[in-house]
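>>> return atomic coordinates for the entry below.
(4 chains)
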4 protein chains.
Amino acid sequence: MSSLHTYAYTVSFGDCDPAGIAYYPNIFKWVDTAFHDWLFGFGGHGALCEQLGATGLGLMDSKARFRSPLQNGDALVVTITALEWGKRTLSPSYQGHVGDRLAFEAQETRGVFIPQDGRLTAGTTDGLRTLIQSDD
Amino acid sequence: MSSLHTYAYTVSFGDCDPAGIAYYPNIFKWVDTAFHDWLFGFGGHGALCEQLGATGLGLMDSKARFRSPLQNGDALVVTITALEWGKRTLSPSYQGHVGDRLAFEAQETRGVFIPQDGRLTAGTTDGLRTLIQSDD
Amino acid sequence: MSSLHTYAYTVSFGDCDPAGIAYYPNIFKWVDTAFHDWLFGFGGHGALCEQLGATGLGLMDSKARFRSPLQNGDALVVTITALEWGKRTLSPSYQGHVGDRLAFEAQETRGVFIPQDGRLTAGTTDGLRTLIQSDD
Amino acid sequence: MSSLHTYAYTVSFGDCDPAGIAYYPNIFKWVDTAFHDWLFGFGGHGALCEQLGATGLGLMDSKARFRSPLQNGDALVVTITALEWGKRTLSPSYQGHVGDRLAFEAQETRGVFIPQDGRLTAGTTDGLRTLIQSDD
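The predicted model follows:
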């Protein structure tokens, strides 16, 4: 499996619900954290937004399939497995594993949100793409 | 719009990220909370699981489209707009509004998870369906 | 019991840990949310900070005593029971009840944080006190 | 500084509030996670509770002093600096640093909660103490 980035996190007691399983909004938290962890390699979210005049690399949609439960003590590794660029979107794909076991798959669609006429709109991704690829 | 259930929550400062917008895993938290709030009408998640011999009405997948940002003070209303039943799945659909403004749409696929041979598997939804519909 | 403000929240499944009890950082979340809910009566945190040239009404310390467990479905009411003003601090006290049952007591010390010489320092509370009391 | 255990976590965008600073309930989350991370060295919370017939090593009270703000990208290290044992309590002390900078100090009081007559009560800490010290 090719991989743009990996983010490691050990699931803790407080991440889990009364069924003893990681509460699923936390899985989206770890997906988002993997994305921001990847951004640290390009200066981080704040520095990138400043260069782009953007408010944030925000979400348009997000989805996940939960394949096996995560529990207290599981050594989770979130991998960014792919990144697709559109004119006004970037779509990272993720997998979460504990060892060889697949725990979840996820995909986000994000935009580069720019303040315009008093609201946020998705600008082109050209600037972000340049900043990220010039760093290769 | 027809509606099975509504759940109201006022977005707070601490739900929002440095861009001043509700952090998106919290939106999944409110979606899940709307589901559990609906279950209270049938005795709640714990009582239903006990009757069904289930560990939980857990998630197989979940997705959301974010249509407009939520901010500190927004009076969010999450509506369960539909519920589809499969042999081993139930799929609630959700919308989140602030007044007339659509903030998000979401859909979950859930199963009735039963302990079997040392792991959790999705049993039939017949029992749950009966409990919920006998309550009409 | 006198009371400056009350904030109501129904504890949900996802707020609870594998012991079936509300995970304690969430209790601090509800305490903080009660504070921000109270601020809505004076325009909200954002408007107050703008008037005061402040970055936030941030925390210096916080503590809680947990008196009885909170569980899925508990109708929690958080009450701000007192508010003490110091030259550079304000200290709200809280109680959390489910019906007559005391679930927790908490106290925060907050400051009006102002950007100064590249860092945040606690300014006087005079301005905030005036804004809040003129609203009586 | 002596230390029983350290837990490392990089603060992420989604941990921070609209003021750009780690939202304080998350600090209690990291404190609690450091405690559970320490327990992994003795089999983890679940295994310890099973050996002790306990429901959980739950909280009686918790407090923190916030000394300097945490932000996206900060490499936080939480240290358990001390552990005091009482007849029915254990009280871990914590410090959170980013490099040399002190971000917070915290202290918890925990009990070994045992089901008794339909409610949870704090039993003696003797059993836990033996399990932890025999592991030295």
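>>> only C-alpha atoms from now on, for both contacts and neighbour counts.
Fine.
>>> list of residues touching the host helix or strand of A:Ser93?
Here A:Ser93 sits within strand A:90-98, counting by DSSP states H and E. With contact meaning Cα atoms under 8 Å, 6 or more residues apart in numbering or on different chains, strand A:90-98 is reached by A:31, A:74-85, A:102-111, A:125.
>>> which of the residues you listed are buried, as a ChimeraX select command?
Of the contacts of strand A:90-98, the buried ones go into a single ChimeraX selection, burial set by 16 or more other Cα atoms under 10 Å in any protein chain shown:
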select /A:31,74,75,76,77,78,79,80,81,82,102,103,104,105,106,107,108,109,110,111,125
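>>> and the contacts of strand A:90-98 near chain B, which?
With Cα under 8 Å from any Cα of the partner chain as the criterion, the contacts of strand A:90-98 include none near chain B.
>>> helices and strands around the top helix by length along chain A, which ones?
Looking across chain A with DSSP state H, the single longest helix is helix A:24-39. Applying 3 or more Cα pairs under 8 Å, 6 or more residues apart in numbering or on different chains; DSSP states H and E, one finds that helix A:24-39 contacts strand A:5-10, strand A:75-85, helix B:24-39.
>>> I'd like the next helix or strand past that helix.
Once helix A:24-39 ends, the next helix or strand along the chain (criterion: DSSP H and E) is helix A:45-52.
>>> elements contacting that following helix?
Where contact means 3+ Cα pairs under 8 Å, 6+ apart, helix A:45-52 is packed against strand A:56-66, helix A:126-133.
>>> distance to B:Gln51 and mean pLDDT added to the helices and strands packed on helix A:24-39, as CSV?
Output for these, formatted as CSV (distance: least, Cα to Cα, whole Å; pLDDT from 0 to 100):
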stretch, distance to B:Gln51, mean pLDDT
strand A:5-10, 34, 98
strand A:75-85, 33, 98
helix B:24-39, 13, 98
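>>> re earlier: closest to chain C out of the helices and strands packed on helix A:45-52?
With distances scored as Cα to the nearest Cα, the stretch of the helices and strands packed on helix A:45-52 nearest to chain C is strand A:56-66 (16.4 Å).
>>> about what we covered before: for the longest helix of chain A, which outside residues touch it?
Contacts of helix A:24-39 (Cα under 8 Å, 6+ apart): A:5-7, A:9, A:15, A:44-45, A:64, A:78-80, A:94, A:106, B:25-26, B:28-29, B:59, D:12-14.
>>> so in chain A, which strand runs the longest?
Longest strand in chain A by number of residues (criterion: DSSP state E): strand A:101-116.
>>> follow-up on the earlier one: need the buried ones from the contacts of helix A:24-39 selected in PyMOL.
Applying 16+ other Cα under 10 Å to the contacts of helix A:24-39 leaves a buried subset, and the PyMOL line that selects it is:
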select buried, (chain A and resi 5+6+7+15+44+45+64+78+79+80+94+106) or (chain B and resi 25+26+28+29+59) or (chain D and resi 12+13+14)
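>>> wait, A:Thr109 touches A:Trp85, no?
No - judged on Cα atoms under 8 Å, A:Thr109 makes no contact with A:Trp85 at a distance of 9.6 Å.
>>> name the helices or strands packed onto the lowest-mean-pLDDT helix or strand in chain A?
Lowest on mean pLDDT, DSSP states H and E among the helices and strands of chain A sits strand A:119-123, with a mean of 91. Identification of packing neighbours for strand A:119-123 by 3+ Cα pairs under 8 Å, 6+ apart yields strand A:101-116.
>>> show the pLDDT at A:Ala19.
For A:Ala19, the pLDDT comes out at 94.
>>> can you tell me the SS state at it?
Here A:Ala19 is coil, with the state taken from DSSP: H, G, I helix; E, B strand; the rest coil.
>>> that one - how many residues pack around it?
When counting by other Cα atoms under 10 Å in any protein chain shown, one arrives at 21 neighbours for A:Ala19.
>>> was I right to think it contacts B:Gly58?
No - counting by Cα under 8 Å, A:Ala19 does not reach B:Gly58; the two are 9.0 Å apart.
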